[in-house]
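Novice: Model the following, please.
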Amino acid sequence: MEIWKKSISLDILNASNKNTLMEHLSIVYTAFSENTVTATMPVCNFTHQPLGMLHGGASVVLAETLGSVAANFAVDEESYCVGLDINANHIRSMRSGYVVGTASPLHIGVSTQVWQITITDERDRLVCTSRLTIAVKKKRNDRQQIKTEE
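Specialist: Prediction:
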């Protein structure tokens, strides 16, 4: 059963990255299903830590991005979502290539949501697993919405 309460497409998702950290990290949405959102991120100089490996914080940025964006499409127009807590376990190191993250809901409630985000390498090996808890808030004005245009 589809969970999206707002119109969703790869064009809309990727437009939301303009002038954000996600654009800087070259995060690109590549797929969505009835209840998941998937994106890729390169493993290269701007996502490395000083030892030349994928920075754990970059993985967390990808995870929180996927979970937060998915959560915002799973609520009605009068609501918006923000992260409350994120947990990440870094399983495998990477030096090059790209990672693929997929967010799936564990719980979609009225006031909270919980999302599981798996991040894998190009060979579908687990790199990071993350759990994101989201607060669902009611909009007070038009400022709390995902940017889709400048």
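
Novice: next one: phi and psi at the spatially most distant residue from the centre of the chain?
Specialist: Note on the chain: the largest separation between a C-alpha and the mean C-alpha position, by CA atoms, centre = their mean, falls on Leu51 (25.1 Å). Leu51 adopts backbone torsions of phi -90, psi 0, taken as degrees, to the nearest 10.

Novice: ditto for Gly67
Specialist: When quoted as degrees, to the nearest 10, the phi and psi of Gly67 stand at phi -70, psi -40.

Novice: ok, it - contacts?
Specialist: Gly83, Ile86, Ala103, Trp115, Ile117, Ser130, Leu132, Ile134 (CB atoms under 8 Å, 6 or more residues apart in numbering). Heads up, the C-betas are built off the backbone N, CA and C, glycines and all.

Novice: In helices only, show me these.
Specialist: Residues from those lying in helices, with DSSP state H as the criterion: none.

Novice: Okay, the residue nearest to the spatial centre of the chain and Ser104: tell me how far apart.
Specialist: Within the chain, one residue has its C-alpha closest to the average C-alpha position: by CA atoms, centre = their mean, that is Leu66, at 1.1 Å. Taking CB to CB, to the nearest Å as the criterion, Leu66 is separated from Ser104 by 10 Å.

Novice: joint contacts of these two?
Specialist: Once CB under 8 Å, 6+ apart is applied, the residues that Leu66 and Ser104 both contact turn out to be Trp115, Ile117.

Novice: returning to what we had before: Ala58: which of the contacts of Gly67 is nearest?
Specialist: For Ala58, the closest of the contacts of Gly67 turns out to be Ser130, at 12.1 Å, with distances computed as CB to CB.

Novice: correct me, but that closest one touches Asp85?
Specialist: No - contact status for Ser130 versus Asp85: not in contact, 10.7 Å apart, counting by CB atoms under 8 Å.
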